[in-house]
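*Asks:* When you get a sec, could you give me coordinates for this:
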Amino acid sequence: MEFDLTNLVNSINEEVNAVAKNSNNSNSANSGYPTVYPYVDGQYKFKIFFNPKAGAVQRKITRHDTGEMGKVPCLAAFGETCPVCSAINEAETLKGDGCGALRKYGYKTRGIAFAKLIEAPKKILNEERGITEGAVVLLMYPKTVYDELNKLFADNASQLANIVNNNNCYTISLERATQGGGFPAYRASIPLNGMSPAFDSQEDYDTVLEGLPDIRECVVPSYPNDEVRQSAKTLADTVRAEYINSNVVVNPNADVKTATAQPTVEETKVKAVEQALNNIIEEDIPFDTSDNSRPECFGKYCNETKCMACLSEMDCRKNS
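*Replies:* As a prediction, this is how the structure comes out:
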């Protein structure tokens, strides 16, 4: 089944142009599919899928990390004032930029897309969780990969159907390598040197695509509901309690806010080991301060309403 990709091409070009302009000027979650994050060095190969329900291939999500208590969507990504970002600003204003609030609770931007996993490092594969070569998965990756994929789609617009919308399609390659200082670097490519079938037939391929959930509702809802807003508000209370009022932690997932003492060093170590044994799939990549994520006005912080809704607000304030 062929879908009209005209709108997809236009939207991709718009995002690519926006990124270029900014640069020149300065779990299975709720998807029903296992989540794969490239946290291990090596080569990943996959066939990425067009999402008919969303009319898109990939989606960008922005969340605040609360550690063991989960992740909370950043409301600034929805054009709203984010209480968590505001609380971090307050903490840094009172305690100083080095207080740790930004490092611990600052937001991170990721890209997600549905794909068939063709190849991955052995450490990534987990048959019990359904992560095997040949499985349909929800890919999650850093914003730099999201932007690079968009650029590849735009540069190869004439072949886009053969990349995201045909059973006989091209395979995308993603390489991850740890650089000096321990920071990971990613490089995506689409070798246009031969296509191969994703499934036994085009009919099977169409069935898979039609059965995919709307990616706009995966991991983070397309619109913040009361539960999301309450989680953000409660996490903001956590930041204020920990960095401004006293050394306590508030569970952002609780219906009634309750304070508990900070865990001891030993308890923290035990929890870290437990998390490692549970196959954590998302690495702790530092807060994204790349030029690609900065608006034209970056470095000219003016504390206006638009600043509070900007994803680069905290970093911009530091560099102004």
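
*Asks:* Tell me the buried residues in the helix or strand residue 45 falls within?
*Replies:* Assigning secondary structure by DSSP states H and E places residue 45 in strand 42-48. Residues of strand 42-48 classed as buried: 44, 45, 46, 47, 48 (neighbour count, 16 or more other CB atoms under 10 Å). From N, CA and C alone the C-beta is placed, and that goes for glycine too.

*Asks:* now do stretch 52-66
*Replies:* 52, 54-59, 61-66.

*Asks:* Do me a favour and get the end-to-end distance for it?
*Replies:* Stretch 52-66 has an end-to-end distance of 33 Å (criterion: CA to CA, to the nearest Å).

*Asks:* Likewise for stretch 128-148?
*Replies:* Using CA to CA, the two ends of stretch 128-148 sit 31 Å apart.

*Asks:* Report how many residues lie close to residue 79.
*Replies:* Applying other CB atoms under 10 Å, we find 8 residues neighbouring residue 79.

*Asks:* tell me the phi and psi of it?
*Replies:* Dihedral pair for residue 79: phi 80, psi 10, per degrees, to the nearest 10.

*Asks:* again with residue 156
*Replies:* Dihedral angles (degrees, to the nearest 10) for residue 156: phi -120, psi 40.

*Asks:* What's the first helix or strand after the strand holding residue 45?
*Replies:* Sequence order places strand 58-65 as the next helix or strand after strand 42-48, per DSSP H and E.

*Asks:* Report all helices and strands that that following strand contacts.
*Replies:* Strand 58-65 is packed against strand 71-73, helix 101-105, strand 107-119, helix 143-155, with contacts defined by 3 or more CB pairs under 8 Å, 6 or more residues apart in numbering; DSSP states H and E.

*Asks:* 6 Å instead?
*Replies:* If contacts are counted by 3 or more CB pairs under 6 Å, 6 or more residues apart in numbering; DSSP states H and E, strand 58-65 sits against strand 71-73, strand 107-119.

*Asks:* okay, those, which one's buried deepest?
*Replies:* Most buried of the helices and strands packed on strand 58-65, by mean neighbour count (mean count of other CB atoms under 10 Å): strand 71-73, with a mean of 24.

*Asks:* pLDDT on that strand, on average?
*Replies:* For strand 71-73, mean pLDDT is 93.

*Asks:* what does the helix or strand just after it contact?
*Replies:* Following strand 71-73 in sequence order, the next helix or strand is helix 83-95 (DSSP H and E). Contacts to helix 83-95, defined as CB atoms under 6 Å, 6 or more residues apart in numbering, come from residues 64, 76, 99, 101-102, 105, 232-233, 235-236, 239-240, 243-244.

*Asks:* 7 Å instead?
*Replies:* 64, 72, 74, 76, 99, 101-102, 105-106, 232-233, 235-236, 239-240, 243-244, 313-314 (CB atoms under 7 Å, 6 or more residues apart in numbering).

*Asks:* Can I get it in CSV? Just the C-alpha atoms.
*Replies:* What follows is helix 83-95 as a C-alpha-only set of coordinates in CSV (Å, rounded to 0.1, in the frame of the first residue of the first chain):
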residue,chain,number,x,y,z
PRO,A,83,7.2,24.3,36.5
VAL,A,84,10.2,22.0,36.6
CYS,A,85,12.3,24.4,34.5
SER,A,86,11.1,27.3,36.7
ALA,A,87,12.1,25.4,39.9
ILE,A,88,15.6,24.6,38.5
ASN,A,89,16.0,28.3,37.6
GLU,A,90,15.0,29.3,41.2
ALA,A,91,17.4,26.8,42.7
GLU,A,92,20.3,28.0,40.6
THR,A,93,19.4,31.6,41.3
LEU,A,94,19.5,31.0,45.1
LYS,A,95,22.2,28.3,45.3
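
*Asks:* Give me the mean pLDDT for that helix.
*Replies:* Mean per-residue pLDDT for helix 83-95: 94.

*Asks:* mind listing what's buried in it?
*Replies:* Buried, per 16+ other CB under 10 Å, within helix 83-95: 83, 84, 85, 86, 87, 88, 89, 90, 91, 92.

*Asks:* That helix vs strand 107-119, what angle?
*Replies:* With axes from the mean of the first three to the mean of the last three CA atoms, to 10 degrees applied, the angle from helix 83-95 to strand 107-119 works out at 130 degrees.

*Asks:* so helix 83-95 versus strand 58-65, what angle?
*Replies:* Angle of helix 83-95 versus strand 58-65, following the same axes, to 10 degrees, is 40 degrees.

*Asks:* Could you say which helix or strand holds residue 185?
*Replies:* Counting by DSSP H and E, residue 185 is part of strand 184-189.
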